[in-house]
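> the sequence and its predicted three-dimensional model are supplied below.
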4 protein chains.
Amino acid sequence: MAVKKEKQDREPSLSPSAMRRLREKEQRYETLLRAAEYLFVHKGYHETSVENIADRAEVSVGTVYFYFKNKEELLLKLFSEGVHTLRVILGKAFMKAEKPEDGFRAAGIAFFDVFCKKHPGKVAIVFKEAVGQSQLLEEARRVVLQKLTDDVYNALLAVSESLGIVYTNPRTAKVVAVGILGIYERVAYQYLMWSDEHDKKELGTIGRDAVDFIMGGLGEFKA
Amino acid sequence: MAVKKEKQDREPSLSPSAMRRLREKEQRYETLLRAAEYLFVHKGYHETSVENIADRAEVSVGTVYFYFKNKEELLLKLFSEGVHTLRVILGKAFMKAEKPEDGFRAAGIAFFDVFCKKHPGKVAIVFKEAVGQSQLLEEARRVVLQKLTDDVYNALLAVSESLGIVYTNPRTAKVVAVGILGIYERVAYQYLMWSDEHDKKELGTIGRDAVDFIMGGLGEFKA
Amino acid sequence: MAVKKEKQDREPSLSPSAMRRLREKEQRYETLLRAAEYLFVHKGYHETSVENIADRAEVSVGTVYFYFKNKEELLLKLFSEGVHTLRVILGKAFMKAEKPEDGFRAAGIAFFDVFCKKHPGKVAIVFKEAVGQSQLLEEARRVVLQKLTDDVYNALLAVSESLGIVYTNPRTAKVVAVGILGIYERVAYQYLMWSDEHDKKELGTIGRDAVDFIMGGLGEFKA
Amino acid sequence: MAVKKEKQDREPSLSPSAMRRLREKEQRYETLLRAAEYLFVHKGYHETSVENIADRAEVSVGTVYFYFKNKEELLLKLFSEGVHTLRVILGKAFMKAEKPEDGFRAAGIAFFDVFCKKHPGKVAIVFKEAVGQSQLLEEARRVVLQKLTDDVYNALLAVSESLGIVYTNPRTAKVVAVGILGIYERVAYQYLMWSDEHDKKELGTIGRDAVDFIMGGLGEFKA
DNA sequence: TATGAATGAGCATTCATTCAT
DNA sequence: CATGAATGAATGCTCATTCAT
């Protein structure tokens, strides 16, 4: 999306009307995505019909099928988008710090302070609506979440090296990476989707507790 | 209901044939539950039709509805059953040990060695099929998982006391309990449902890594 | 329940236990009929299931089928019973009077004062629930209502003779008989089922108006 | 609805193709209504499945649900349509005459000569199929038939004034109006649905007898 | 591109009826 | 006689998807 503008100066060749149409097309795609997201989050994937989405986006059903192969693709897209956003947020936070351990902690805090607070809908999509729906989606989830796990895993290795942690079993770091994601996922789910407004406000502190717990866990493996 | 008590002194036990029928009824209920579990796990909840379940249980569709109000109730029952089994397993492991910290570790190991290995189907039901299906089910999940969280929380308090851990913020222990469940959930999911047979065999070692990580995390809060 | 004791001394021929069973059988038949009537009137024929009837009569479904061939037969029976009750009421009122015209008027009044007031459930069965349900029932309705029409027709002939009325076309009296029943039916329906409690109280006056209208109509054919 | 007016000045007419599609849509709606009418009248409401209707209209089941919310709505529509047709017929006949009493008689005759003869299906729908089916429909019947009753009542008042009839009790005229409709209903039912072809032919004479009876009844209330 | 009418397979659920005990 | 578990055909309805305009 952010990429669009860069292209404009490189492609002055398009006629103004063609450009407008392109803009409108991209906009409609976005509108549909947002409509679907809202409905999936608030009504649930199965309870949302394609007609609902079309209505909310103020287009016809046919148009939905022009932009997306089918209903599942909408969820798939939203899911990938969600995980991508998350990876970007975590990555930025990690990179900004000087020492890996600081970056790791910052990423953890960013998960709660930025991802959860700014994109609650994406939390719902990634951790709830995209679960247990279909085989195809399950496979996609596996693939996409694997990337996230790898990110965490790599960061973890950097942290370990910096802190002088050596894992007896090479798989241990992998398990820890998976576990950390599990913490984030469940804590976010609990306090964002199963708690009252008050707890949502406290998500910052809650996140810090979770991160402390994680950092302590890592200490366990110190030589 | 009110009539029963009057009869009790005359009929302290049921007739043999009545008992057999009762046994058969319970058996059929169980058969249906198992048929549904198998299909939900292997085909997915939405991809399984009530007819499928009836066929697998070798009964008619009507019979399914004689024992269960509707399809959702079957999943609900399986979900509750799964969480209950898990709580029993964790509880037993925790109780058996002398020191809370040993019990806590034992419970963690039991999660992987007993629950995941002996009840892989329940893992799938509890952490996958019961997610994102309907509002009713979501509410039930919230309630039932809350009990589990409370269990872990209480155990955690015992461990903390034993180890001399004091949480600055009283909610921290709660967050940690939620996080621990997150670790279990995600690690189990990853290695039981997204990995090959080889990894499933290693679930014991994997579990131990996860538990080590957790115990280390707790150390963080030591005074 | 209260009826039991009275019958015992009149039929000493049967063994006491056989008598009790007979009594119970008749009673159960009656109970079922009343349960069905209540439910048909209050929930509607199609909205009432055989299980509903069994529950209300405090017997099992199987028992309903022991006493009645099927659900339709219950309605059929209730319908016939209703029309029969009506015929008896009208007949008695008509007979009691000395002059046919007085009897005719008395019967009309009895329709509202006795049948409608004492048997509102039967009104609902006869004029509403038994309509438009099935071909079999429709045929039964035709047959049973024909008898009622004949009654009215015969009474009408007596009245005509007494008042010196001669119908040009022999079928006219028949048409009038049918029409009179139509008046009763619709007026009863309107004020018993579509009006508030206040109007139901006024059924007596309302009935008298209807009867006046009818008697006036008959006058039309006077020589 | 409100939007239309704004567009009217810009689009005083639809494009030919849009008009054709609109026409086709209306036509299909009509076809479905007629298919349902035929089947409800000949097989009965409950014995007719939505698939039956779709088959007869040569469309798919889904199409039925595109045009009607559910099966009940079809019957509802047919019922309203029937009563509306009847009101128009009676109204026209009444208006055409110079004196109210002539109009009243003409309306009565039109009921049999026009409504019954030209719309026998509607007679079946209004007086048979729409009876005793569901609570929703019953309420609709009450409301719609009330309008018809009011028509007759108003006509009756005009006649009374013209003939110098004064009702002691103001509700009497209402009762008479209801009764008159009862006559029409039952006579039509009897001779159209419960009699052989020969009687149907005679419906004209039969109707006249009924009307004579009614007019005579009115005379009763003359001062 | 956009529309929205049409499709029809698919499914959950009901319920009258039966029959072994 | 009574029971109530079991049956399974029947049906209303949904909804993702298509396609002519």
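Great, that's in hand. Numbering: from 1, shown residues only, chains lettered A, B, ... in the order given.
> host element of whichever residue of chain A sits closest to DNA strand E?
Here chain A gets closest to DNA strand E at one residue, A:Gly62, 2.1 Å apart by CB to the nearest atom of the strand. The C-beta positions use only the backbone N, C-alpha and C, and glycine is treated the same way. If you go by DSSP states H and E, A:Gly62 is part of helix A:61-67.
> quick check: phi and psi at the residue of chain A found nearest chain C.
Residue of chain A nearest chain C, by CB to the nearest CB: A:Glu47 (27.7 Å). Main-chain torsions, A:Glu47, degrees, to the nearest 10: phi -80, psi -10.
> kindly export stretch A:51-66 (C-alpha atoms) in CSV.
The C-alpha coordinates for stretch A:51-66 follow below in CSV (Å, rounded to 0.1, in the frame of the first residue of the first chain):
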residue,chain,number,x,y,z
GLU,A,51,-23.7,-10.7,1.1
ASN,A,52,-23.1,-9.1,4.5
ILE,A,53,-19.6,-8.1,3.4
ALA,A,54,-20.9,-6.7,0.1
ASP,A,55,-23.5,-4.7,1.9
ARG,A,56,-21.0,-3.3,4.4
ALA,A,57,-18.6,-2.4,1.6
GLU,A,58,-21.5,-0.9,-0.4
VAL,A,59,-20.9,-3.0,-3.4
SER,A,60,-22.7,-6.0,-5.0
VAL,A,61,-21.9,-9.6,-4.3
GLY,A,62,-20.4,-10.0,-7.7
THR,A,63,-17.9,-7.3,-7.0
VAL,A,64,-16.6,-9.3,-4.0
TYR,A,65,-15.9,-12.1,-6.3
PHE,A,66,-14.1,-9.9,-8.7
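> show me what counts as buried in it.
The neighbour-count check on stretch A:51-66 (16 or more other CB atoms under 10 Å in any protein chain shown) flags A:Asn52, A:Ile53, A:Ala54, A:Arg56, A:Ala57, A:Val59, A:Val64 as buried.
> over to stretch A:37-44?
Of the residues in stretch A:37-44, A:Glu37, A:Tyr38, A:Leu39, A:Phe40, A:Val41, A:Gly44 count as buried by neighbour count, 16+ other CB under 10 Å.
> do stretch A:20-38 as well
Neighbour counts over stretch A:20-38 (16+ other CB under 10 Å) mark A:Arg28, A:Tyr29, A:Thr31, A:Leu32, A:Leu33, A:Ala35, A:Ala36, A:Glu37, A:Tyr38 as buried.
> show me the shaky parts of chain A.
Within chain A, the stretches with pLDDT under 70 are A:1-14, A:219-223.
> so the residue in it positioned nearest to chain D, which of the three states?
Relative to chain D, the nearest point of chain A is A:Glu51 (11.4 Å; CB to the nearest CB). Following DSSP: H, G, I helix; E, B strand; the rest coil, we place A:Glu51 in the helix state.
> and the closest residue to it other than its chain neighbours, what does it touch?
Leaving out its chain neighbours, the residue that sits closest to A:Glu51 by CB to CB, 6 or more residues apart in numbering or on different chains is A:Val61, at 5.7 Å. Listed by CB atoms under 8 Å, 6 or more residues apart in numbering or on different chains, the contact set of A:Val61 reads A:Val50, A:Glu51, A:Ala54.
> cool, A:Glu58 as well?
Going by CB under 8 Å, 6+ apart, A:Glu58 touches A:Thr31.
> next: the one 5 residues further on.
A:Thr63 makes contact with A:Arg28, A:Leu32, A:Ala54, A:Ala57, according to CB under 8 Å, 6+ apart.
> A:Gly182 contacts B:Ile180, doesn't it?
No: between A:Gly182 and B:Ile180 there is no contact under CB atoms under 8 Å: 9.0 Å.
> more neighbours: those two, which one.
B:Ile180 (30 against 23; other CB atoms under 10 Å in any protein chain shown).
> helix, strand, or coil at that one?
helix.
> so what's the residue count around A:Lys99?
A count of nearby residues for A:Lys99, using other CB under 10 Å, gives 12.
> now do A:His198
7.
> tell me which helix or strand it sits in.
For A:His198, the host element (DSSP H and E) is helix A:197-201.
> next, the angle helix B:203-219 makes with the helix or strand just after that helix.
Remark: after helix A:197-201, the chain's next helix or strand is helix A:203-219, criterion DSSP H and E. Relative orientation of helix A:203-219 versus helix B:203-219 (axes from the mean of the first three to the mean of the last three CA atoms, to 10 degrees): 120 degrees.
> and helix A:203-219, what does it pack onto?
Applying 3 or more CB pairs under 8 Å, 6 or more residues apart in numbering or on different chains; DSSP states H and E, one finds that helix A:203-219 contacts helix A:100-110, helix A:135-163, helix A:171-193, helix B:170-193, helix B:203-219.
> cutoff 10 Å now
helix A:100-110, helix A:117-118, helix A:135-163, helix A:171-193, helix B:170-193, helix B:203-219 (3 or more CB pairs under 10 Å, 6 or more residues apart in numbering or on different chains; DSSP states H and E).
> just flag the most distant two among the contacts of A:Thr63.
Within the contacts of A:Thr63, two members stand farthest from each other by CB to CB: A:Arg28 and A:Ala54, at 11.3 Å.
> so for these two, which residues contact both of them?
A:Thr63, A:Val64 (CB atoms under 10 Å, 6 or more residues apart in numbering or on different chains).
> quick one, what contacts the residue in chain A positioned nearest to DNA strand F?
Residue of chain A nearest DNA strand F, by CB to the nearest atom of the strand: A:Asn70 (2.9 Å). Taking CB under 10 Å, 6+ apart, we find A:Asn70 in contact with A:Val50, A:Val64, A:Leu76.
> measure stretch A:35-52 end to end?
9 Å (CA to CA, to the nearest Å).
> that stretch vs DNA strand F: in contact?
Yes: using CB under 7 Å from any atom of the strand, stretch A:35-52 comes into contact with DNA strand F via A:His46, A:Glu47, A:Thr48, A:Ser49, A:Val50, A:Glu51.
> top of those by neighbour count?
Result: A:Thr48 is most packed of the residues of stretch A:35-52 next to DNA strand F (other CB under 10 Å), 22 neighbours.
> contact partners for the closest residue to A:Gly179 other than its chain neighbours?
Take A:Gly179 and drop its neighbours on the chain: the residue closest to it by CB to CB, 6+ apart is B:Ile183, 4.0 Å away. Contacts for B:Ile183 (CB under 10 Å, 6+ apart) come out as A:175-176, A:178-183, A:185-186, A:213-214, A:217, B:108, B:111, B:210-211, B:213-214, B:217.
> ok, B:Ile183 to A:Ile180 distance?
Distance, B:Ile183 to A:Ile180, by CB to CB, to the nearest Å: 8 Å.
> what do you get for A:Ala36?
30 Å.
> who in chain A is up against chain C?
Within chain A, no position is near chain C by CB under 10 Å from any CB of the partner chain.
> got the domain ranges for chain A?
A:15-68, A:71-223 (automatic domain parsing).
> which ones are touching the closest residue to A:Phe111 other than its chain neighbours?
Leaving out its chain neighbours, the residue that sits closest to A:Phe111 by CB to CB, 6+ apart is A:Tyr184, at 5.1 Å. Counting by CB under 10 Å, 6+ apart, A:Tyr184 touches A:86, A:90, A:107-108, A:111-112, A:115-116, A:123, A:127, A:148, A:152, A:207, A:210-211, A:214, B:179, B:182, B:186.
> close enough to count as contact, the residue of chain A closest to chain D and D:Phe66?
No: here A:Glu51 lies out of contact with D:Phe66, judged by CB atoms under 10 Å, at a distance of 11.4 Å.
> what number of residues lie near A:Asp113?
17.
> over to the one 10 residues further on?
Neighbourhood size, A:Val123 [other CB under 10 Å]: 22.
> in contact with it, which residues?
With CB under 10 Å, 6+ apart, A:Val123 has these contacts: A:41, A:82, A:86, A:111, A:115-117, A:184-185, A:188-189, A:192-193.
> let's see 7 Å
With contacts defined as CB atoms under 7 Å, 6 or more residues apart in numbering or on different chains, the neighbours of A:Val123 are A:Cys116, A:Ala188, A:Leu192.
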